[in-house]
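Peer 1: Predicted coordinates and the sequence they were generated for:
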Amino acid sequence: MLPNNSNDTSTSILSIAEAQQLVDDWIKTIGVRYFSELTNLAILTEEVGELARIISRKFGDQSFKPGENPEALSEEMADVLWVLICLANQTGVDLTEAFNKNIEKKTARDKDRHKNNPKLSL
């Protein structure tokens, strides 16, 4: 079920919690069940590789082969997000809570680190 009972996901803004629920609902109604955690980890690795392939060709030195879609960047990112959400759901990770803790950790650790990095100065 989509937030606000909308069938149009192109204009929907999802919270992380809503995305986790949306994936869980889809898995339970259409996907039958979650793949095992190990299988999902392998799928996540595959999807990250597909994302890396697009980025290396779009922003790096490699060129696209005939038939490759240079506009698939968002699709590949969404695939990575989907599988990551699956892993979070099946292992009981609240991604909102985890993300907020991660931001707090990075802020405390890196408050001045990047500002003082001469490699990052303009």
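Peer 2: Thanks, I have the structure now.

Peer 1: make it CA atoms for all contacts and neighbour counts henceforth
Peer 2: Fine.

Peer 1: Let's verify the most centrally placed residue in the chain: helix, strand, or coil?
Peer 2: Nearest residue to the geometric centre of the chain (C-alpha atoms, centre = their mean): residue 81, 2.4 Å. Here residue 81 is recorded as helix under DSSP: H, G, I helix; E, B strand; the rest coil.

Peer 1: for the one 4 residues further on, same thing?
Peer 2: Assigned with three-state DSSP, residue 85 falls in the helix class.

Peer 1: and the residue nearest to the centre of the chain, how far is that from residue 17?
Peer 2: Distance of residue 81 to residue 17, computed by C-alpha to C-alpha, to the nearest Å: 13 Å.

Peer 1: How about residue 104?
Peer 2: Taking C-alpha to C-alpha, one finds residue 104 at 19 Å from residue 17.

Peer 1: In whichever strand or helix holds residue 44, which residues are buried?
Peer 2: Using DSSP states H and E, residue 44 sits in helix 37-58. For helix 37-58, the neighbour count (16 or more other C-alpha atoms under 10 Å) marks 40-41, 43-44, 47-48, 50-51, 53-55 as buried.

Peer 1: and what of stretch 111-122?
Peer 2: Result for stretch 111-122 [16+ other C-alpha under 10 Å]: no buried residues.
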